[in-house]
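> structure for this input, please:
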Amino acid sequence: MANFTLTPETAAKVKIKFLRKYRDLTNANLSFTPGQEEELVEQLMLLTKRDRKYVEFTINKALADPEGNRL
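This next block holds a predicted model:
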């Protein structure tokens, strides 16, 4: 189970940050429905070829400063 909760607004910020970091991703790759954080983590694990710990850390880091420009 994911250790974070996303709203549509925070999901949009996380999506922007992942698109900046991983240029080969597209908006379609990062579709998100509220309440389906686990599916987002699994999808990002496959797309970025990273483990769960890294993906969740990266999302939490993006959520820590949603207005910032860093990931």
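
> CA only for contacts and neighbour counts going forward, please
Noted.

> after the helix or strand of the chain with the lowest mean pLDDT, which helix or strand is next?
One helix or strand of the chain scores below all others by mean pLDDT, DSSP states H and E: helix 8-21, with a mean of 89. Where DSSP states H and E defines the elements, the next helix or strand beyond helix 8-21 is helix 37-48.

> what mean pLDDT does stretch 32-50 get?
Throughout stretch 32-50, pLDDT has a mean value of 91.

> and it, what's buried?
Burial within stretch 32-50, assessed by neighbour count using 16 or more other CA atoms under 10 Å, is assigned to 32, 37, 40-41, 43-45.

> quick check: angle from the least confident helix or strand of the chain to helix 37-48?
Interaxial angle of helix 8-21 relative to helix 37-48 (axes from the mean of the first three to the mean of the last three CA atoms, to 10 degrees): 10 degrees.

> check which helices and strands helix 8-21 sits against.
Counting contacts by 3 or more CA pairs under 8 Å, 6 or more residues apart in numbering; DSSP states H and E, helix 8-21 packs against helix 52-64.

> so which bits of the least confident helix or strand of the chain are buried?
Per 16+ other CA under 10 Å, helix 8-21 contains these buried residues: 11-19.
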